[in-house]
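could you work out the structure for the sequence below:
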Amino acid sequence: QTQLVESGGGLVHTGGSLRVSCAVSGRSFSSYAVGWFRQGPGNEREFIAHISATGEYKYYADFVKGRFTISRDNAKNTVNLQMNSLKPEDSAVYYCAAKVYSGIYASKSPYDYDYWGQGTQVTVSS
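Take a look at the predicted model:
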């Protein structure tokens, strides 16, 4: 059974940094492509970043390019999202999602993913 558990959210001031992590368990970690999404109050869940199963291919939403970095640690079965230069509008619940997929194309729709974590709150104060 595949399980995803996020950690690392919290409160930070504008311009600060946070790293959120997603621990993945189930079948072989290297078989999963993983994405990060976020959802603010009253908003739809929006795509942030995607990393391929090998870690070779990474995709980002335009609004986080240059500020956020997605990476995976195959030794720890985790995918990390390093967030720098945070803004109040980045405040949301952050979710990781996974699918068994070895291809190179990004999955940017939440409907493309089969497994989800419970989310972790990120709040950026002005």
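
quick one: buried residues of the helix or strand Q121 falls within?
Following DSSP states H and E, the helix or strand that holds Q121 is strand 120-125. The neighbour-count check on strand 120-125 (16 or more other CB atoms under 10 Å) flags 120, 122, 124 as buried. Yep, even glycine has a C-beta here, placed from its N, CA and C like the rest.

and what of stretch 107-126?
Those would be 107, 110, 112-113, 115-117, 119-120, 122, 124, for stretch 107-126 by 16+ other CB under 10 Å.

roughly how far does the residue positioned nearest the centre of the chain sit from S126?
Centroid check for the chain by CA atoms, centre = their mean gives W36 as the closest residue, at 2.4 Å. Here W36 is placed at a distance of 23 Å from S126 (CB to CB, to the nearest Å).

likewise for L18?
16 Å.

again with Q1
41 Å.

and Y57, by the same measure?
35 Å.

list the contacts of stretch 74-85.
Contact with stretch 74-85 is made by 15, 17-25, 29-30, 34, 36, 48-49, 51, 55, 64, 67-73, 90, 94, 96, 122, as judged by CB atoms under 8 Å, 6 or more residues apart in numbering.

in PyMOL, how would I select the buried members of these?
Buried residues within the contacts of stretch 74-85, by 16+ other CB under 10 Å, are selected in PyMOL with:
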select buried, resi 18+20+21+22+23+24+29+34+36+48+49+51+55+64+68+70+72+90+94+96+122
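
what lies in contact with the one helix or strand V24 maps to?
Assigned by DSSP H and E, V24 falls within strand 18-25. With CB under 8 Å, 6+ apart as the test, strand 18-25 has contacts from 2-10, 12, 32, 34, 36, 76-83, 86, 94, 96, 98, 117, 120, 122.

okay, strands next: where are they in the protein?
Counting by DSSP state E, residue ranges of the strands within the chain are 3-7, 10-13, 18-25, 32-39, 46-51, 58-60, 68-73, 78-83, 92-100, 115-116, 120-125.

just want the angle from the last one to strand 18-25.
Strand 120-125 and strand 18-25 meet at an angle of 180 degrees, taking axes from the mean of the first three to the mean of the last three CA atoms, to 10 degrees as the criterion.

thanks a lot, catch you later.
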